[in-house]
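Asker: Predicted structure and sequence below. I'll ask about it afterward.
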Amino acid sequence: MADIITLLEGYGYIGMFIAAFIAGSVFPWSSEAIMVGLQAAGLDPVGLVVWGTAGNVLGSMFNYWVGHLGRIDWIEKYLHVKKESLDKAERFMHGHGAWIGFFAFLPIIGSAITIMLGLMRANIFITTIAIAIGKFLRYAILVWGAHFVL
């Protein structure tokens with residue numbers, strides 16, 4: 001992980017954006033570790049939160065788009081998101097609509113939530129706002145907490 005942080009540090013905020021995009025999509029990745037590493041390396045915490053949030057939200061919207069295509073077989077085959085995870089996300093989301101996108105920051109189920117929002121054709125405007133609020137708050141809390149540790 002240290003080598004990856006060193007690589008992304010060379011890219012600065014764009015590195016944070018890329019790491020957050022990957023983490024926001026269905027690919028397993030820890031943007032939090034990258035963010036803390038870049039903060040420890042001296043990058044501005046506000047810039048990290050802004051670029052991290054933007055990348056993570058776009059990664060989640062990638063998931064939404066994949067869900068919007070409506071191909072469960074592709075989702076299982078290429079993204080390795082099991083039908084059981086989608087069913088669990090659907091039960092979690094039942095009756096809450098697009099605002100449930102707020103919980104897209106949750107590990108494991110977060111990707112399934114954003115895919116399900118796409119499958120359900122949830123309002124894209126509300127979905128994007130809800131996802132952005134949740135992801136922004138997560139990163140802001142992370143940076144604030146890391147400030148006291150670093």
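Answerer: Looks like it arrived, so ask away.
Asker: show me what contacts the residue nearest to Leu119 when sequence neighbours are not counted?
Answerer: In this structure, Leu119 finds its nearest non-sequential neighbour in Gly67, 4.3 Å apart by C-beta to C-beta, 6 or more residues apart in numbering. For every residue, glycine as well, the C-beta is placed using N, CA and C. Gly67 sits next to Ile75, Thr114, Ile115, Met116, Leu117, Gly118, Leu119, Met120 when contact means C-beta atoms under 8 Å, 6 or more residues apart in numbering.
Asker: Which positions within the stretch of helix or strand Gly67 belongs to qualify as buried?
Answerer: Per DSSP states H and E, Gly67 falls inside helix 45-69. Neighbour-count burial for helix 45-69, counted by 16 or more other C-beta atoms under 10 Å, picks out 45, 48-64, 66-68.
Asker: How about Leu106: what's its closest non-neighbour residue?
Answerer: Once flanking residues are discounted, Leu106 sits nearest to Ile113: 7.4 Å by C-beta to C-beta, 6+ apart.
Asker: do you know how far the residue nearest the centre of the chain is from His147?
Answerer: Geometric centre of the chain, nearest residue: Gly24, 2.6 Å, by C-alpha atoms, centre = their mean. Separation of Gly24 from His147 (C-beta to C-beta, to the nearest Å) stands at 23 Å.
Asker: Only alpha carbons, please: show stretch 75-87 as PDB.
Answerer: Only the C-alpha atoms of stretch 75-87 are listed here, as PDB (Å, rounded to 0.1, in the frame of the first residue of the first chain):
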ATOM      1  CA  ILE A  75     -23.500  -7.500 -12.900                       C
ATOM      2  CA  GLU A  76     -22.800 -11.000 -11.500                       C
ATOM      3  CA  LYS A  77     -20.400 -12.100 -14.200                       C
ATOM      4  CA  TYR A  78     -18.200  -9.000 -14.700                       C
ATOM      5  CA  LEU A  79     -18.600  -7.000 -11.500                       C
ATOM      6  CA  HIS A  80     -18.800 -10.000  -9.200                       C
ATOM      7  CA  VAL A  81     -21.700  -8.600  -7.300                       C
ATOM      8  CA  LYS A  82     -23.800 -11.600  -6.200                       C
ATOM      9  CA  LYS A  83     -27.600 -11.700  -6.600                       C
ATOM     10  CA  GLU A  84     -27.800 -12.200  -2.800                       C
ATOM     11  CA  SER A  85     -26.000  -8.800  -2.200                       C
ATOM     12  CA  LEU A  86     -28.500  -7.100  -4.600                       C
ATOM     13  CA  ASP A  87     -31.400  -8.800  -2.800                       C
END
